[in-house]
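Engineer: Need a 3D model of the following:
(one chain, ligands or ions: 1)
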Amino acid sequence: MKLRVLGCSGSDLPGHNLTSFCVNDTILLDAGSVTSSLDLAAQARLEHIFVSHSHLDHIKDILFLADNLIEFFVAGSRAPVAIHGLPEVLDAISTHLLNDTIWPDFTVIPTDSPVLTYAPMTPGVPVVIGDLSVAAYPVNHAKAASGFVLWQDGGARNLAYTGDTGPCDDFWKAMDALPFALKNLITEASFPSSMEALAMASKHLTPKLLRAELDKLRARPDIFIYHLKAPFAAVIVDELARELAGYHYRLLREHDCIDF
Ligand SMILES: Nc1ncnc2c1ncn2[C@@H]1O[C@@H]2COP(=O)(O)O[C@H]2[C@H]1O
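Structural biologist: So this is what the prediction gives:
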């Protein structure tokens, strides 16, 4: 599976795009920076959006994407873009965002061929899209949040994405219980270790907390780190080098294109 980084920052600043990854040109993992990263033709190829949680930095471009795509739906010529996620996450988007107050409800317009549809996920139950399977596993962030595991070829190729998360046990237990060995992990390091109290209050990780989380895993995947808060990035990078000594890891960058 080909993953393109549209945005991987924990901050919205020039040169720092909010979280969004594009998989195989048709699937988004989160939608923080889609419409400013992909041209219209690329946006029109999108068929599925997997939303980890309902914080604005992970969903805001669902709004602008829906508006951009309406011309492709007038004739009823294609299926709606499916928004996948935990029921609580989709309820939050429906209640607080696509509610005809903050933004038009593109799940009912155009009436004969809506742009968007909700596809609630049950944790651990895969959504199958061609030869790719995607399953949600709860993490510790916001009111409700999940990461996702994506796999192909019976698990021979696989990737887990935690989304934003603070310390949690269940996600790591689920990763070790997968019927295949986890090979790749995208996870977060938002704040420096000196800001652990804020990280815990906002349900995020520091390099020190991340190390403790990784030590819960029996699997030893390659690690890809995202969601650094830009003002603290230099410190976080230094701390990661110390805390993750012995782990194979790299920092994600916008425009990275990785074949998992
Ligand atoms: N209790 C808190 N105190 C200060 N900042 C917070 C708190 N909770 C959340 N935040 C900030 O609000 C942000 C919302 O998006 P993030 O989860 O990326 O990161 C979060 C923190 O930067």
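Engineer: Spit out the contact partners of residue 124.
Structural biologist: Residues counted as contacts of residue 124 (Cβ atoms under 8 Å, 6 or more residues apart in numbering) are 135, 136, 137, 174. Heads up, the C-betas are built off the backbone N, CA and C, glycines and all.
Engineer: can you do 7 Å?
Structural biologist: Neighbour list for residue 124: 135, 137 [criterion: Cβ atoms under 7 Å, 6 or more residues apart in numbering].
Engineer: just the one 3 residues further on next, same as before
Structural biologist: Residue 127 is in contact with 84, 121, 134, counting by Cβ under 7 Å, 6+ apart.
Engineer: what pLDDT does it get?
Structural biologist: In the predicted model, residue 127 carries a pLDDT score of 98.
Engineer: Report the beta-bridge partners for it.
Structural biologist: residue 134 (DSSP bridges).
Engineer: That one and residue 190, how far apart?
Structural biologist: Distance of residue 127 to residue 190, computed by Cβ to Cβ, to the nearest Å: 27 Å.
Engineer: Would you mind putting the contacts of residue 127 into a markdown table with distance to residue 44 and pLDDT alongside?
Structural biologist: Formatted as a markdown table, the contacts of residue 127 follow (distance: Cβ to Cβ, whole Å; pLDDT from 0 to 100):
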| residue | distance to residue 44 | pLDDT |
| --- | --- | --- |
| 84 | 19 | 99 |
| 121 | 24 | 99 |
| 134 | 21 | 99 |
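Engineer: Highest neighbour count among the residues you listed?
Structural biologist: residue 84 (24 neighbours; other Cβ atoms under 10 Å).
Engineer: Who's the closest spatial neighbour of residue 120, skipping the chain neighbours?
Structural biologist: residue 87 (4.4 Å; Cβ to Cβ, 6 or more residues apart in numbering).
Engineer: Residue 63 now?
Structural biologist: According to Cβ to Cβ, 6+ apart, the nearest residue to residue 63 is residue 103 (4.7 Å).
Engineer: for residue 59, what are its contacts?
Structural biologist: Residue 59 makes contact with 31, 51, 93, 97, according to Cβ under 7 Å, 6+ apart.
Engineer: Generate a PyMOL selection restricted to the buried entries among those.
Structural biologist: Entered in PyMOL, the line below selects the buried ones among the contacts of residue 59, by 16 or more other Cβ atoms under 10 Å:
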select buried, resi 31+51+93+97
